[in-house]
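*Asks:* sequence and predicted structure are below.
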Amino acid sequence: MTEKQVKTLEKLLAQEARADQEKVKRAVKDMHKMEKAYQNSIKETEKAQKALLKAAKAKSKSSKTLDKAQSKLQSVTHARETAEKQFAERMQQEDLEQQDLQQRHLQISQAFEENYANDKSRALRRSELVSASGAHAQRV
């Protein structure tokens, strides 16, 4: 081989070497980018897992709070229903007592009227007795 051919061959080999070196360099650079992306992916996954745990705890806490609120609502609803029932019963009792009181007032009023009528009747009979005994006394 001639010197020119050797130089040309060396030049070709040097170009191939540079091209291979460039390929290796790009591959290493791409691998570093992929490793960095993988590490970021791991961090994001850990962040998401922490957020998921936090959300699960918040849900659990909210669920407990909701259960307590529902229980309290049931308790308050029951107390209200009981109070409404007692109120209705008391109103019914009050109505009965009011009717009894009105009946008693009517009876007392009637008793006073009867007493007045009896007093009037007795006074009339007394006056008749007095008149009759006065006329009887004059005859004797």
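*Replies:* Yep, it's here.
*Asks:* which element is residue 48 on?
*Replies:* In the assignment (DSSP states H and E), residue 48 maps to helix 3-139.
*Asks:* what packs against that helix?
*Replies:* The criterion is 3 or more C-beta pairs under 8 Å, 6 or more residues apart in numbering; DSSP states H and E, and there are no helices or strands that helix 3-139 contacts. For the C-beta atoms, the positions are set from N, CA and C on the backbone; glycine is no exception.
*Asks:* low pLDDT regions in the protein?
*Replies:* Under the criterion of pLDDT under 70, the regions of the chain flagged as low confidence span 134-140.
*Asks:* give me the phi and psi angles of residue 2.
*Replies:* phi -90, psi 170 (degrees, to the nearest 10).
*Asks:* okay, now it: neighbour count?
*Replies:* For residue 2, the count of nearby residues is 7 (other C-beta atoms under 10 Å).
*Asks:* any idea how far it is from residue 81?
*Replies:* 114 Å (C-beta to C-beta, to the nearest Å).
*Asks:* same question, residue 63
*Replies:* Taking C-beta to C-beta, one finds residue 63 at 27 Å from residue 81.
*Asks:* go on, residue 15?
*Replies:* 95 Å.
*Asks:* pull the CA atoms of stretch 28-48 into CSV?
*Replies:* Provided in CSV are the C-alpha atoms of stretch 28-48 (Å, rounded to 0.1, in the frame of the first residue of the first chain):
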residue,chain,number,x,y,z
VAL,A,28,-23.5,8.3,27.8
LYS,A,29,-25.2,11.8,27.7
ASP,A,30,-28.6,10.2,26.9
MET,A,31,-28.0,7.6,29.6
HIS,A,32,-27.3,10.4,32.2
LYS,A,33,-30.5,12.2,31.1
MET,A,34,-32.5,8.9,31.4
GLU,A,35,-31.0,8.3,34.9
LYS,A,36,-31.8,11.8,35.9
ALA,A,37,-35.4,11.4,34.6
TYR,A,38,-35.6,8.1,36.4
GLN,A,39,-34.5,9.7,39.7
ASN,A,40,-37.0,12.5,39.2
SER,A,41,-39.7,9.9,38.5
ILE,A,42,-38.8,8.1,41.8
LYS,A,43,-39.0,11.4,43.6
GLU,A,44,-42.4,12.2,42.0
THR,A,45,-43.7,8.7,42.8
GLU,A,46,-42.6,9.2,46.5
LYS,A,47,-44.3,12.6,46.5
ALA,A,48,-47.5,11.0,45.1
